[in-house]
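Novice: sharing a model prediction with you, sequence too.
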Amino acid sequence: MSKTPTRRTLKNGTISSTKSSDITPIKRKRVVKPKNTSNNKGQSEIEDIEDLLKFKEEEIAEIRVSLLEWYDKNKRDLPWRRLKDDDDGKEKKAYGVWVSEVMLQQTRVATVIDYFNRWVLKWPSLYHLSLASLEGAKKIIEDGGNFPRTVSSLKKVPGIGEYTAGAIASIAFNEVVPVVDGNVVRVLARLKAISANPKDSVTVKKFWSLAGQLVDPHRPGEFNQALMELGATICTPTSPSCSECPISAQCHALALSRQGGIVTDYPLKVVKAKQRNEFSAVCVLEVTESHNLLENNQKSRHCLLVKRPDGGLLAGLWEFPSVLLGQESETAIRRKAIDKYLKTSFNLDAKKTCKVLLREEVGEYVHIFSHIRLKMYVEYLVIHLNGGLKLLQSVSDEGNMIWKCADSKELSSMGLTSGVRKVYTMVQQFKENSLTAATQDTKQTKSRKRR
């Protein structure tokens, strides 16, 4: 005789199981079977908890119809949604989806609209973006210039992950694949009353599976956008408008709320880790062809940029040479750390391979991430490289570091982070102020000589 699954009934009428303790489904009616089915007694008494992580066919049909009808009437007018999706416009739409989705991962829709419009004016196509040295765009152009059309091929492009690949493939090319972001997680967690940690890798897989069950095979892109739109406008984190929700009839969290539960209990509120303080020495290093700083032409100067590792914070993005410090440090300690980094990585040695023309402290800048408060000490360093940029290149090629030297024009067109741009702006302002002061000193010196 088989054992029945371990279970307990909670005060709010939900069922918990040792097999899936993080799921809070609606209480199910006991199913009575004839006595001659004793071998299936455990299964007959209660549905398997794992079955509750699947949508029934009738639920899927109702959610698809209701959600798409709501989306057709209520979707927001956004510039990337106006792009045509006919055969001639698919490439342009794919590009627009890519740009918008990357931006939407960083900030709010209202902010993205202006950024998006300015972006497409500056880089109207994938080709134009590739000229700005964005690695992902360059790879696509090098591979023939056409956007990959499936999730599997899109994920091979640098900078495109599961979420962005799903968005491009479904919205631009109608591949029947899911898209899961924070909005979708919230909607699904409430639909199925899943109280598990939404950041846990096992739970994340469950959400992708659930989303995959729901995707409409005829309108995958619009369905994915509808699900995200619902989470952004109706099924919000703290004030959901359940009375306006087109799929409230299928919402388990709402059903539980009628028994004393709270819809906003789903998904689980994860306690954020305390923001830690980090300190970094940042060196905006300019390489010049001239030995004399005053005679140097700005056009002959190039800034050294280093590409961050493919994993971790700001993965794969460009930045100025920098070194993380253990704590707040004095100028001498910071410079020593930068000198060691430049010598180890690029064989830049003021006594042997280069001549320092200028080295000045520019200031401090604090950049806030969700979990890090990064204080950057910015310095400006101008060097003359004995042998020119070719020497720097021959040294760097021996290592694994990816780097480049860019002039001011190229820097302005690169897709740099806001933190890197802020640092560069600080240096530009410092240079302007220093130039003004130097000019005034020169005039005063000449005036005194005439006397």
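Specialist: Good, I have the coordinates.

Novice: so where do the strands sit in the protein?
Specialist: Counting by DSSP state E, the chain has strands at residues 7-9, 15-17, 276-288, 302-307, 318-319, 322-325, 354-368, 372-385, 403-406.

Novice: the third one packs against which elements?
Specialist: In other words, strand 276-288. If you count contacts as 3 or more CB pairs under 8 Å, 6 or more residues apart in numbering; DSSP states H and E, strand 276-288 packs onto strand 302-307, strand 322-325, helix 331-346, strand 372-385, helix 418-450. Where C-beta positions appear, they are placed from N, C-alpha and C, glycine not excepted.

Novice: before we move on, the earlier item: any chance of JSON lines for the strands of the chain, columns mean pLDDT and distance to V112?
Specialist: Formatted as JSON lines, the strands of the chain follow (pLDDT from 0 to 100; distance: least, CB to CB, whole Å):
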{"stretch": "strand 7-9", "mean pLDDT": "40", "distance to V112": "46"}
{"stretch": "strand 15-17", "mean pLDDT": "38", "distance to V112": "41"}
{"stretch": "strand 276-288", "mean pLDDT": "95", "distance to V112": "27"}
{"stretch": "strand 302-307", "mean pLDDT": "92", "distance to V112": "25"}
{"stretch": "strand 318-319", "mean pLDDT": "92", "distance to V112": "22"}
{"stretch": "strand 322-325", "mean pLDDT": "96", "distance to V112": "28"}
{"stretch": "strand 354-368", "mean pLDDT": "93", "distance to V112": "19"}
{"stretch": "strand 372-385", "mean pLDDT": "94", "distance to V112": "23"}
{"stretch": "strand 403-406", "mean pLDDT": "89", "distance to V112": "26"}
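
Novice: isn't V263 up against S241?
Specialist: No. Counting by CB atoms under 8 Å, S241 is not a contact partner of V263; they are 10.6 Å apart.

Novice: between those two, tell me which one has more neighbours.
Specialist: Shown here are V263 and S241; by other CB atoms under 10 Å, V263 has more neighbours (19 against 11).

Novice: let me see the contact set for that one.
Specialist: By CB atoms under 8 Å, 6 or more residues apart in numbering, the residues touching V263 are R190, P240, C242, C251, A253, L254, S257.

Novice: just the buried residues out of those residues, in ChimeraX syntax.
Specialist: For the buried members of the contacts of V263, the matching ChimeraX selection, counting by 16 or more other CB atoms under 10 Å, is:
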select :190,240,251,253,254,257
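
Novice: quick one on the thing from earlier: tabulate the helices and strands packed on strand 276-288 in JSON lines, adding columns for distance to P178.
Specialist: Formatted as JSON lines, the helices and strands packed on strand 276-288 follow (distance: least, CB to CB, whole Å):
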{"stretch": "strand 302-307", "distance to P178": "31"}
{"stretch": "strand 322-325", "distance to P178": "37"}
{"stretch": "helix 331-346", "distance to P178": "42"}
{"stretch": "strand 372-385", "distance to P178": "31"}
{"stretch": "helix 418-450", "distance to P178": "30"}
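
Novice: between the ones you listed, which gets nearest to C405?
Specialist: strand 302-307 (3.8 Å; CB to CB).

Novice: sheet-wise, list the partners of that closest one with their directions.
Specialist: strand 276-288 (antiparallel), strand 318-319 (antiparallel), strand 403-406 (antiparallel) (DSSP bridges).

Novice: looking at those, which is closest to L381?
Specialist: Closest among those, using CB to CB: strand 276-288, at 4.9 Å.

Novice: quick revisit: so which of the contacts of V263 is the closest to I60?
Specialist: C251 (14.4 Å).

Novice: so that closest one sits against I234, correct?
Specialist: No. Counting by CB under 8 Å, C251 does not reach I234; the two are 11.1 Å apart.

Novice: give me the common contacts of the two.
Specialist: The contact sets of C251 and I234 overlap at C245 (CB under 8 Å, 6+ apart).

Novice: quick one: neighbours of L68, just the number.
Specialist: Quick note: L68 (other CB under 10 Å) scores 18 neighbours.

Novice: middle-most residue in the protein, spatially?
Specialist: Centroid-nearest residue in the chain: Q105, 4.9 Å away (criterion: CA atoms, centre = their mean).

Novice: distance of that one from V97?
Specialist: 13 Å (CB to CB, to the nearest Å).

Novice: and the pLDDT at the closest residue to K192 other than its chain neighbours?
Specialist: Excluding the flanking residues, the one nearest K192 by CB to CB, 6 or more residues apart in numbering is H252, at 5.7 Å. Per-residue confidence at H252 stands at 96 (pLDDT).

Novice: ok, now the one 3 residues further on?
Specialist: In this model, A255 is scored at 96, pLDDT.

Novice: returning to that earlier point: for the strands paired with strand 302-307, which one sits closest to V423?
Specialist: So among these, strand 276-288 is nearest, using CB to CB, at 5.8 Å.

Novice: right, I'll call it a day here.
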